[in-house]
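# Build me a model:
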Amino acid sequence: MGPPRGGIRKDRADTAVLPAAILPPVFTTRSIEMADRIEAREADWRAGAVVYQVFVDRFAPSADLDAKRGLYPAPKSLRAWHETPAKGHFVDSAGVWSHEIDFWGGDLASLRARLPHLEAISADVLYLNPIHLAYTNHKYDAADYLEVSPEYGTRADLRLLIGDAHARGLKVVLDGVFNHVGRRHKAFEEAMRDPMSPYRSWFFIGPEYPNGYRGWADVANLPDLHVERDEVRAHLWLDHGSAVRSYLRDGIDGWRLDVASDLGPHFCRELTQAAHHEKPGSCIVGEIWNAPAGWDRALDGILNMHARSIILDYCRGRADGHLTGERLEGMVEDAGIEFILRCWTTLENHDTERLAHLVPDEAARRIAHTLQATLPGCPNLYYGQEVGMSAGADPDNRAPMRWDLVHDAHPEWAFVRGLYAARRSMRAIAKGDVTFLRGRRLLAFLRTNDHVLDTVLVACNMEDHEVEESISVRDGRLMAGTVFKDALAFDRPDAMQAHVHMGFVTLKLPPRSARVFRMVLPPAGQHSPYKRMA
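Numbers count the residues shown, from 1 in each chain. As a prediction, this is how the structure comes out:
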């Protein structure tokens with residue numbers, strides 16, 4: 001007589017065996033599901049990449065500046081590399097501020113010579129502020145999208161840069177300014193000159209606007225494009241010869257969209273689809289100063305200024321570890337981990353005050369660097385951030401790169417370089433899931449993937465005194481007796497350790513400090529509690 005239906009049967013050795021149909025789920029099932037997700041992420045360069053942002057005019061001095069002096073006619077000024085930008089006066093003849101037409105002479109060729117610096121910081125992506133033809137130094141006032149500004153070089157020079165970058169394993173992303181152009185754009189000049197011009201429909205022209213036309217943020221030098229018009233979008237991203245598609249054929253790997261929220265989700269989605277059609281796997285990231293939730297339907301990722309606010313609040317003492325963890329967890333839950341992994345975590349850029357200005361305390365700043373590097377997303381480093389360049393708002397934040405600070409004796413450079421070298425060696429940080437732990441005073445989280453031995457534990461203490469807490473690790477795969485060790489000092493005998501017992505990890509962190517822990521693997525040949533764990 002057989003065993004009761006659904007019950008336990010006895011095999012010939014009189015051993016109890018559960019029928020396969022009622023075997024309970026095990027961690028292996030979870031690991032297989034996670035493995036599929038991780039495999040897809042690892043095939044997608046856009047997830048968890050380290051992005052390095054360059055303002056071309058300010059990054060590296062030209063090797064032949066004298067040959068270029070004719071490219072900066074008055075009222076433009078060519079500055080010495082040691083000078084810093086300062087707020088200027090309005091130049092009526094040019095229609096812009098004087099600090100918008102101060103130049104330092106950097107170009108694509110000088111940038112190519114500095115690509116080893118990006119390798120030293122373990123970057124995956126080179127992102128350039130606008131390089132298309134424009135009158136100002138910032139180039140957000142396009143005069144011709146299809147031509148590179150001569151101060152920077154030519155499209156042939158861009159292709160050389162792309163080739164060198166790709167040879168080093170770097171992707172290249174350009175800044176696309178498709179919501180507006182500059183007053184010197186040929187289409188706008190003709191539209192204003194000739195009421196019968198076909199370009200008239202490209203813009204919002206009429207007496208109801210302060211300048212006779214609508215400008216972005218009412219700036220006279222930045223006339224808005226009428227992107228609802230098919231012919232405008234054809235020029236920008238729809239046609240084979242459009243800006244978006246032609247530069248992708250030149251070899252770039254994606255676009256960062258300036259003021260993407262002004263373009264709106266419908267047109268962002270259309271642009272993203274056009275880019276993916278031209279180059280499958282290309283990246284479209286939008287400048288969105290909102291929470292990231294919902295933008296996954298329009299873009300591959302966003303500039304995650306929401307995460308910036310959370311990190312800066314924590315590192316400036318405006319939010320404690322518990323609240324910060326709740327905020328970060330809510331952000332990931334609302335937007336979804338897959339989208340967050342493709343968003344760019346930005347702490348400073350050409351539009352903001354620099355991190356060292358906002359967080360002058362070096363210890364607190366190291367916590368900010370650590371969070372930017374280890375939270376899910378793409379760390380977006382602005383040139384000079386890695387050496388602690390300090391500056392207030394525009395134009396101060398666009399000073400020339402301080403190459404004199406790039407040396408091994410500089411503490412911030414040594415720390416950031418070591419942090420990103422460690423990040424590159426830890427598979428779970430770039431592509432893994434995140435679990436926020438329930439600390440009262442400490443901010444702590446796990447980065448995990450389909451291999452439990454890859455688990456990374458990150459813990460931060462922003463308080464002015466040592467904090468010790470025992471916190472649930474919230475992951476049943478982590479076995480009692482597991483030892484975590486400081487990944488940035490792993491080979492040192494005094495490296496900080498943290499031990500897991502009964503699902504809790506005890507953390508004891510010095511004041512204003514952060515630690516990135518990875519697991520100490522059991523020595524080969526010795527007993528391992530993980531011998532049957534995926």
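
# Leaving out sequence neighbours, find the closest residue to Arg159.
Closest residue to Arg159 apart from its sequence neighbours, by Cβ to Cβ, 6 or more residues apart in numbering: Asp250 at 5.6 Å. For glycine as for every other residue, the C-beta is placed from the backbone atoms N, C-alpha and C.

# Can you give me every residue that contacts the one you found?
Arg155, Leu158, Arg159, Ile162 (Cβ atoms under 8 Å, 6 or more residues apart in numbering).

# Quick check, central residue of this protein?
The residue lying closest to the centre of the chain (Cα atoms, centre = their mean) is Trp344, at 2.6 Å.

# List the contacts of the spatially closest residue to it that is not a sequence neighbour.
Excluding the flanking residues, the one nearest Trp344 by Cβ to Cβ, 6+ apart is Asn380, at 3.9 Å. Listed by Cβ under 8 Å, 6+ apart, the contact set of Asn380 reads Val51, Gln53, Tyr127, Leu303, Trp344, Thr345, Thr346, Leu347, Asn349.

# Just flag the most distant two among those.
Tyr127 and Leu347 (14.5 Å; Cβ to Cβ).

# Quickly name whichever of the contacts of Asn380 is closest to Asp92.
Taking those together and measuring to Asp92 by Cβ to Cβ, the closest member is Asn349, at 29.8 Å.

# Check the residue lying closest to that closest one once chain neighbours are set aside and give its pLDDT.
Nearest residue to Asn349 in three dimensions, chain neighbours excluded: Tyr382, at 4.8 Å (Cβ to Cβ, 6+ apart). Listed pLDDT for Tyr382 reads 98.

# show me what contacts Tyr382?
Gln53, Thr346, Leu347, Glu348, Asn349, His350, Arg354.

# which of those tops the neighbour count?
Of those, Glu348 is surrounded by the most neighbours, 28 neighbours in total, counting by other Cβ atoms under 10 Å.

# Test my guess that that one contacts Arg354.
Yes - with contacts defined as Cβ atoms under 8 Å, Glu348 counts as touching Arg354 at a distance of 4.7 Å.

# Find the residues that touch each one of the two.
What both Glu348 and Arg354 touch, as defined by Cβ under 8 Å, 6+ apart, is the set Tyr382, Gln385, Asn397.

# quick one: which of these is nearest Met426?
Gln385 (21.0 Å).

# Test my guess that that closest one contacts Thr346.
No - the criterion here is Cβ under 8 Å, and Gln385 misses it with Thr346 at 9.9 Å.

# Mind listing the shared neighbours of these two?
With Cβ under 8 Å, 6+ apart, Gln385 and Thr346 have no common neighbours.

# So which of the contacts of Tyr382 sit within strands?
Gln53, Thr346 (DSSP state E).

# residue ranges for the strands of the stretch 301-450 of the chain, please.
All strands of the stretch 301-450 of the chain, identified by DSSP state E, counting those that start in this stretch, fall at 301-304, 344-346, 378-382, 433-436, 443-448.

# and those as CSV, adding distance to His266?
Output for these, formatted as CSV (distance: least, Cβ to Cβ, whole Å):
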stretch, distance to His266
strand 301-304, 16
strand 344-346, 22
strand 378-382, 25
strand 433-436, 31
strand 443-448, 35
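
# Mean neighbour count, these: which tops it?
Using mean count of other Cβ atoms under 10 Å, the stretch among the strands of the stretch 301-450 of the chain with the largest mean neighbour count is strand 301-304, at a mean of 29.

# Can you tell me what sits against that strand?
Residues contacting strand 301-304 (Cβ under 8 Å, 6+ apart): 46, 256, 260, 283-290, 292, 295, 339-340, 342-346, 349, 377-378, 380.

# Just the buried ones out of those residues, please.
With burial judged by 16 or more other Cβ atoms under 10 Å, the buried subset of the contacts of strand 301-304 is 46, 256, 260, 283-288, 292, 295, 339-340, 342-346, 349, 377-378, 380.

# separation between the nearest residue to Pro360 once chain neighbours are set aside and Thr352?
Excluding the flanking residues, the one nearest Pro360 by Cβ to Cβ, 6+ apart is Ser390, at 7.4 Å. Per Cβ to Cβ, to the nearest Å, Ser390 is found 13 Å from Thr352.

# again, but for Glu83
22 Å.

# Which one's more surrounded, these two?
Applying other Cβ under 10 Å to Glu83 and Thr352 shows that Thr352 carries more neighbours, namely 20 against 12.

# Skip the chain neighbours and tell me the closest residue to that one.
Nearest non-adjacent residue to Thr352 (Cβ to Cβ, 6+ apart): Asn397, at 6.7 Å.

# just for the protein, where's the confidence low?
1-32, 534 (pLDDT under 70).

# List the residues that contact Arg183.
With Cβ under 8 Å, 6+ apart, Arg183 has these contacts: Gly95, Asp141, Glu189, Ala220, Asn221, Leu222, Pro223.

# Format those as CSV; extra columns: neighbour count and secondary structure.
Below are those laid out as CSV (neighbours: other Cβ atoms under 10 Å; DSSP: H, G, I helix; E, B strand; the rest coil):
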residue, neighbour count, secondary structure
Gly95, 15, coil
Asp141, 26, coil
Glu189, 15, helix
Ala220, 13, coil
Asn221, 21, coil
Leu222, 21, coil
Pro223, 28, strand
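
# between the residues you listed, which is closest to Met502?
Nearest to Met502 among these, with distances taken as Cβ to Cβ, is Leu222, at 60.5 Å.

# contacting residues around that closest one?
Per Cβ under 8 Å, 6+ apart, neighbours of Leu222: Tyr140, Asp141, His180, Val181, Gly182, Arg183, Gly215, Trp216.

# Among these, which are located in strands?
Using DSSP E, none of the contacts of Leu222 sit in strands.

# Please, where are all the strands along the stretch 51-200 of the chain?
Under DSSP E, counting those that start in this stretch, the stretch 51-200 of the chain gives strands at 51-54, 77-78, 90-91, 96-97, 102-103, 125-128, 132-134, 142-148, 171-176.

# you'd agree Val285 is in a strand?
Yes - under DSSP: H, G, I helix; E, B strand; the rest coil, Val285 sits within a strand.

# Thought Arg256 was touching it, still the case?
Yes - using Cβ under 8 Å, Val285 is in contact with Arg256, at 4.9 Å.

# Give me the common contacts of the two.
By Cβ under 8 Å, 6+ apart, the residues touching both Val285 and Arg256 are Val173, Leu303, Trp344.

# distance of the second one from Thr346?
The reference is to Leu303. 5 Å.

# likewise the first one?
Counting by Cβ to Cβ, the separation of Val173 from Thr346 is 13 Å.

# again with Glu466
From Glu466 to Thr346 the distance is 31 Å (Cβ to Cβ).

# Check Glu270 too.
25 Å.

# and what of Asp66?
36 Å.

# Ok, Glu33 next?
For Glu33 relative to Thr346 (Cβ to Cβ), the value is 31 Å.

# what do you get for Leu328?
15 Å.

# swap in Pro85?
Relative to Thr346, and taking Cβ to Cβ, Pro85 is found at 20 Å.
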